[in-house]
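**Q** would you be able to build a 3D model of this:
(chains A, B, C and D)
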Protein chains: 2
Amino acid sequence: MEEYKYLAIVEWGKNYIAKEHLQPNDRFLSEKELCTIHGVSRQTVRQALKCLENENVISRVRGSGTYVKNVAVQQSEQPKRVGVISTYFSDYIFPQIVTGIERVLNDAGIVMQLSTTHNQVYEEAQALRTMIANGVQGLIVEPSKSALPNPNMQLYREIKEQHIPLVFFNAKYPWSDFPYVAMDDEAAGEIVTNYLFDCGHQRISGIFALDDIQGHKRYGGFMKSCIAHNIRTAEKDVLWFATAEKSYIFKYARTKLLEMLVNSTAIVCYNDELAVNLLRFCRENDIKVPDDVSVVGIDDSKFSTLCDVPLTTVHHPHKVLGERVARKLIEQMSAPDDAHEDVIFHPELIVRESVRTFEKR
Amino acid sequence: MEEYKYLAIVEWGKNYIAKEHLQPNDRFLSEKELCTIHGVSRQTVRQALKCLENENVISRVRGSGTYVKNVAVQQSEQPKRVGVISTYFSDYIFPQIVTGIERVLNDAGIVMQLSTTHNQVYEEAQALRTMIANGVQGLIVEPSKSALPNPNMQLYREIKEQHIPLVFFNAKYPWSDFPYVAMDDEAAGEIVTNYLFDCGHQRISGIFALDDIQGHKRYGGFMKSCIAHNIRTAEKDVLWFATAEKSYIFKYARTKLLEMLVNSTAIVCYNDELAVNLLRFCRENDIKVPDDVSVVGIDDSKFSTLCDVPLTTVHHPHKVLGERVARKLIEQMSAPDDAHEDVIFHPELIVRESVRTFEKR
DNA sequence: ATTTACAATTTGTACATACATCCAAAAATC
DNA sequence: GATTTTTGGATGTATGTACAAATTGTAAAT
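**A** Numbering: from 1, shown residues only, chains lettered A, B, ... in the order given. Okay, the predicted model is just below:
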């Protein structure tokens, strides 16, 4: 029961196409014919046709006529797009995380748009802006430099205001108000450190990323374990580095590093990547692992089994985490839930061969 | 310079908003005012306003007036999107290729949409369809099962008809008419085999992928070298496998494989992944590499240095190839060039430790 | 001070007419 | 038979008029 004539004609036209089984590029009725059929003026018919044209149901060709457009276009609406922004994706554990994300999104018929920030907030801003301008229906983001002040606060606020669902993974900005999926980084730091104490180590040092919430939390777990074991001086035995310069640490902090290796029986590394590099550094400086010094990593990356001394580390859920993040986003997209619950994976120790066990006294 | 009055008013209106620095939700001129300003009928003004409304420049409220919409929307037009479809992307050399693609596209301000086929033509079809429905401006595709008949021919024809630029990498379908970027696979097969002959090997076998043009070409290079060295029986010493069952070959073709390892002094592997698996198989069966048998791979993947016997292989340009593919697509997008030239990288031998050298007689 | 009624303004719908422009098929020409 | 011209019919543009429906401000009534 349409109130207006032109809207009635719009509906009538759609039904007509369906009823007559008109195929794409079939000719539709002319304006004149529609006038006589509905007993209205040509202007009214034109208004109705303009509507149908805007809705992509018909296309009109001057001098020729009105034609039916691709019906498929209207039936299967554009598949949804989701933006995935991570710091890296070709190295380390990222390919596996992204594979997990891709699998779930793909199964849900969602297209994944990928961008990397190389852990630069500027690139993060650019990626976010591009994605939004691109009309993504959701965002999966791994924060860049999550522990430092972030100039993209305003952008995230806009995302919130525009009600674009967003899920963080691995870390979240402390000031942000989006759900996140990560492993319990503090527990991970605590578990490896506890394990070292259990193996009889007493002089334990740590190397952590300073610009990254994960680094802070793992450091927190490390400290928690040290304090629980009555080691109050651990704070001094920590070396901090910025993730951008992770390869430089072995050049520019060489002295401090060597000193640390001599004075400690074990080193807790921020992650496996650092640990593997440390293993190489030890080899180059004729320090035997685990005989001279023990090394533990976190993340259970592929390299931890491939390096010359298989690395004791903490399992990161990798692919499962990716899948969970994607599912979380899909949940948020279907039912925007402001009472977002975070998903935290509990880490698990993987014992390999990079830690020496001391005799119990 | 507009031919039609209403189009002139559309342009005038946009300039007016810019000139007067009208903000979103500011009131625009009423229809009556525009009539007197331009000296046209109200209908003409209305047609112009309808255009501006369709372009999202203004919004009209019955009984209230016409208002300016979000200007940001119109200024920054949607960034371009490009679809990247590869067989895998989290393993082997794919992360590096995709990283190369991503870098170039990103620099060009193009968003990358990623999908993987797992070397399944069905998934390839689905990915292509989704991408097209999504309105990508270009496609980068690694063919799936490129050596077998492909049911997606029709799809590729449609892509051609719709003039969507497309570039293949690593391989191309023999019947297709798109440019591609790859390394010279035949030369790669030839180079490693030649090297084995140079090292004094005479009994050389090969293992190749049967469903993949790269496999065929590498096999071709292998055969070329064998024939050049007057080994006419090589054809019998080839084991074929389907890429999907690459891990099964070591179970189900175990007898044939062992026989081959005993009867040969060297094995040419389709790629490094297979070679690394073969190394493990040898270790498990107490066959020493390279003392008992030599193994060569192709692709120079990361694993070729990390496995216990560093692998002699052929360098694949990885990231550079990715970058070149992306640039090729951008070329095609800016200047559709039917006289598409393929880009072929010439491979280079990387000698490591998996090949034994026989004394020259 | 709040409510109510009304009027003015503004956009939306509908009809009528005239001419412009383009397409395609029919007709005329070569 | 092939090419050019004509012509009918289709959509596009432009103007005019009339009324409908929604918003907003004003003024009167409560």
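**Q** can you give me the helices for chain A?
**A** Ranges of helices within chain A are A:5-19, A:31-38, A:42-54, A:71-75, A:94-107, A:121-133, A:153-161, A:185-198, A:213-228, A:249-252, A:254-263, A:272-284, A:303-306, A:319-334, based on DSSP state H.
**Q** reformat the ones you listed as TSV; add distance to DNA strand C.
**A** (C-beta placed from N, C-alpha, C; glycine too.) Putting those into TSV (distance: least, CB to the nearest atom of the strand, whole Å) gives the following:
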stretch	distance to DNA strand C
helix A:5-19	3
helix A:31-38	8
helix A:42-54	3
helix A:71-75	21
helix A:94-107	39
helix A:121-133	27
helix A:153-161	26
helix A:185-198	55
helix A:213-228	50
helix A:249-252	64
helix A:254-263	71
helix A:272-284	59
helix A:303-306	63
helix A:319-334	32
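**Q** tell me which of the ones you listed lies nearest to residue B:296.
**A** helix A:303-306 (20.1 Å; CB to CB).
**Q** pull the residues that contact that closest one.
**A** Contacts of helix A:303-306 from elsewhere in the structure, counted by CB atoms under 8 Å, 6 or more residues apart in numbering or on different chains, are A:92, A:272-273, A:275-276, A:297, A:310-311, A:313, A:350, A:352, B:303, B:306-307.
**Q** make it 7 Å
**A** The contact list for helix A:303-306, computed with CB atoms under 7 Å, 6 or more residues apart in numbering or on different chains, reads A:272, A:276, A:297, A:310-311, A:313, B:306.
**Q** one more: stretch A:328-348?
**A** A:82, A:108, A:137-138, A:140, A:163, A:165, A:167, A:178-184, A:187-188, A:191, A:314-315, A:317, A:321, A:324.
**Q** which members of those are positioned in strands?
**A** Among those, DSSP state E puts A:82, A:138, A:140, A:167, A:180-183, A:314-315 in strands.
**Q** give me the pLDDT for the residue of the stretch 151-300 of chain A found nearest DNA strand C.
**A** Nearest to DNA strand C in the stretch 151-300 of chain A, going by CB to the nearest atom of the strand, is residue A:162, at a distance of 24.8 Å. Predicted confidence (pLDDT) for residue A:162: 81.
**Q** can you tell me the closest non-neighbouring residue to it?
**A** residue A:132 (7.5 Å; CB to CB, 6 or more residues apart in numbering or on different chains).
**Q** swap in residue A:168?
**A** Residue A:168's closest residue in space is residue A:180 (CB to CB, 6+ apart), at 3.7 Å.
**Q** need the residues of chain A near chain B, please.
**A** A:76, A:78-79, A:81, A:89-90, A:95-96, A:98-99, A:102, A:106, A:111-116, A:130, A:133-134, A:306 (CB under 7 Å from any CB of the partner chain).
**Q** which of the contacts of stretch A:328-348 are buried?
**A** Taking 16 or more other CB atoms under 10 Å in any protein chain shown as the criterion, what is buried in these is A:82, A:108, A:137-138, A:140, A:165, A:167, A:178-184, A:187-188, A:191, A:314-315, A:317, A:321, A:324.
**Q** to residue B:223, which of the helices of chain A lies closest?
**A** So among the helices of chain A, helix A:303-306 is nearest, using CB to CB, at 33.6 Å.
**Q** how far out from the middle of the chain is the closest one?
**A** 24 Å (CA atoms, centre = their mean, to the nearest Å).
**Q** return the set of buried residues in that helix.
**A** For helix A:303-306, by 16+ other CB under 10 Å, it's A:303-304, A:306.
**Q** least confident pick among the residues you listed?
**A** residue A:306 (74).
**Q** now that residue: how far from residue A:206?
**A** Counting by CB to CB, to the nearest Å, the separation of residue A:306 from residue A:206 is 24 Å.
**Q** equivalent analysis for residue A:231, please.
**A** Taking CB to CB, one finds residue A:231 at 11 Å from residue A:206.
**Q** between the two, which has more neighbouring residues?
**A** Taking other CB atoms under 10 Å in any protein chain shown, residue A:231 and residue A:206 do not tie; residue A:206 has more neighbours (27 against 17).
**Q** wait, doesn't the more buried one sit right on residue A:238?
**A** Yes. Counting by CB atoms under 7 Å, residue A:206 does reach residue A:238; the two are 4.8 Å apart.
**Q** identify the contacts common to those two.
**A** residue A:219.
**Q** where does the prediction get shaky in the stretch 51-200 of chain A?
**A** Filtered on pLDDT under 70, the stretch 51-200 of chain A yields the residue ranges A:70-78.
**Q** could you chop chain A up by domain?
**A** A:5-74, A:81-182+A:318-345, A:185-316 (automatic domain parsing).
**Q** in TSV: those domains, plus distance to residue B:226.
**A** Listed next are the domains of chain A as TSV, based on distance: least, CB to CB, whole Å:
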stretch	distance to residue B:226
domain A:5-74	52
domain A:81-182+A:318-345	36
domain A:185-316	33
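**Q** of all the ones you listed, which one is nearest residue B:267?
**A** domain A:185-316 (22.1 Å).
**Q** what about the closest one, start to end distance?
**A** Terminal residues of domain A:185-316 are spaced 10 Å apart (CA to CA, to the nearest Å).
**Q** and that domain, how far from the chain's centre?
**A** So, by CA atoms, centre = their mean, the centroid of domain A:185-316 is 25 Å from its chain's centroid.
**Q** ditto for stretch A:24-40
**A** 52 Å.
**Q** buried ones in it?
**A** Of the residues in stretch A:24-40, those buried (16+ other CB under 10 Å) are A:28-29, A:31, A:34-35, A:38, A:40.
**Q** next one: stretch A:58-72
**A** Per 16+ other CB under 10 Å, stretch A:58-72 contains these buried residues: A:58, A:66, A:68-69.
**Q** check the gap between residue A:296 and residue A:232 for me.
**A** For residue A:296 relative to residue A:232 (CB to CB), the value is 21 Å.
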